[in-house]
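1. predicted model follows, preceded by the sequence.
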Amino acid sequence: MAEALARGFIAGGKVQPGDITASATSDPRKEVFRGFGANAADSNQQVVDNSQIVFVSVKPPYVVQVLKEVSSSLTNEHIVVSIAAGIPLGQMQEAAGKEVRLIRVMPNTPCLVGETASAMCLGSNVSEENAAMVLELMSSVGTCLKVNEALFSGVTGLSGSGPAYVYLMIEAMADGGVRAGLPRDTAQTLAAQTVLGAAKMVLETGMQPGALKDQVTSPAGTTIAGVHALETGAFRATVMNAVLASASRADELSK
Ligand SMILES: NC(=O)C1=CN([C@@H]2O[C@H](COP(=O)(O)OP(=O)(O)OC[C@H]3O[C@@H](n4cnc5c(N)ncnc54)[C@H](OP(=O)(O)O)[C@@H]3O)[C@@H](O)[C@H]2O)C=CC1
Ligand SMILES: O=C(O)[C@@H]1CCC=N1
């Protein structure tokens, strides 16, 4: 995720590769960052020393440990942005052991192509200027909405994990196309472009998805036959359950 963000920020024109310093536990991972012109640090300490905005992008169980490790080097000039699922601002503040400017962001991997759906919430020490800076950065790689922290597990279940659900959908649609005789590459292109086009229709027309669905669905036509097959498999309930299962898992991670 850190790599996707860094590459996205560079492609979005907000930062130069050399502005970024990254750490990791393994040399191959550091090499990935060096590969696109970012700096690789020997320690997390060095990341903090080199940066104004520090993205904590480790797995949730390591967030507290990493914050404790760098706490003594964090100053009032730093903005610490955690992208970890499930770890609340309060837990991070406690780990830092002092007042730190903390922001939680839940991005998703399409930031790599400038199309992230992300959300952010602010810690109590964050100024409007700090928030604007991070919002500008996140907006350079897609959409970023400010939400209350209480909604963060829901955001994680929906847009944080959501690309995986959509990839399953694209894969399944393409498989259906292949089953119907289309070549794999044709099926995959048509499936992905259909998802992209439908998403743009929702965002750009502002219409309800149900109304847009009705536009495609002729009486006794082909689409309603497909929609009926999806509903026979409890499609919408299954997708809703996926969002809720991921949100519950995010809640569990905070304990
Ligand atoms: N993947 C996703 O789609 C999303 C992930 N997130 C959040 O992003 C965070 C990272 O997830 P993800 O990128 O998938 O996980 P990865 O395991 O791919 O990345 C975690 C990175 O942290 C590094 N790391 C581990 N321990 C330390 C440490 N002590 N100090 C410095 N670096 C360390 C690892 O280095 P090395 O590889 O060398 O071991 C690795 O590069 C998680 O908290 C997750 O909840 C949020 C939204 C979406
Ligand atoms: O699967 C995960 O835990 C991370 C958080 C959101 C997306 N990926």
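-> Okay, I see it. Residues are numbered from 1 along each chain as shown. Ligands and ions are numbered 1, 2, ... in the order given.
2. please count neighbours and contacts with C-alpha atoms only from this point.
-> Noted.
3. against Gly162, how distant is Asn108?
-> To Gly162, Asn108 is 8 Å away according to CA to CA, to the nearest Å.
4. what residues does this structure put near ligand 2?
-> Proximity of the chain to ligand 2, by CA under 6 Å from any ligand atom, involves residues Ala85, Thr156, Gly160, Ser161.
5. gap between the last one and Thr205?
-> It stands for Ser161. Remark: distance between Ser161 and Thr205 (CA to CA) = 25 Å.
6. who has more neighbours, those two?
-> Just comparing Ser161 and Thr205: by other CA atoms under 10 Å the higher neighbour count belongs to Ser161, 20 against 9.
7. sec struct for Val80, please.
-> Secondary structure, DSSP: H, G, I helix; E, B strand; the rest coil: Val80 is strand.
8. where is the longest helix in this protein?
-> Ranked by number of residues, the top helix in the chain under DSSP state H is helix 184-205.
9. give the buried residues for it.
-> By neighbour count on 16 or more other CA atoms under 10 Å, the buried set for helix 184-205 is Ala187, Gln188, Leu190, Ala191, Ala192, Val195.
10. any chance of those residues in TSV with pLDDT and distance to ligand 1 as columns?
-> Formatted as TSV, the buried residues of helix 184-205 follow (pLDDT from 0 to 100; distance: CA to the nearest ligand atom, whole Å):
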residue	pLDDT	distance to ligand 1
Ala187	98	25
Gln188	98	22
Leu190	99	24
Ala191	99	21
Ala192	98	19
Val195	98	19
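11. buried ones in stretch 121-129?
-> Neighbour counts over stretch 121-129 (16+ other CA under 10 Å) mark Cys121, Leu122, Gly123, Val126 as buried.
12. got the CA positions of it in CSV?
-> Provided in CSV are the C-alpha atoms of stretch 121-129 (Å, rounded to 0.1, in the frame of the first residue of the first chain):
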residue,chain,number,x,y,z
CYS,A,121,-10.3,11.7,10.1
LEU,A,122,-8.3,14.0,12.3
GLY,A,123,-6.7,13.8,15.7
SER,A,124,-7.3,16.5,18.2
ASN,A,125,-3.9,18.2,17.7
VAL,A,126,-4.2,18.6,13.9
SER,A,127,-4.5,22.1,12.5
GLU,A,128,-6.7,23.0,9.5
GLU,A,129,-3.4,23.6,7.6
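13. near ligand 1, which residues of the stretch 51-200 of the chain? Just list them.
-> 57-60, 66, 83-85, 106-109, 160.
14. out of those residues, which is most surrounded?
-> Using other CA under 10 Å as the neighbour criterion, Ala85 leads these with 30 neighbours.
15. that one contacts Lys255, doesn't it?
-> No: judged on CA atoms under 8 Å, Ala85 makes no contact with Lys255 at a distance of 11.8 Å.
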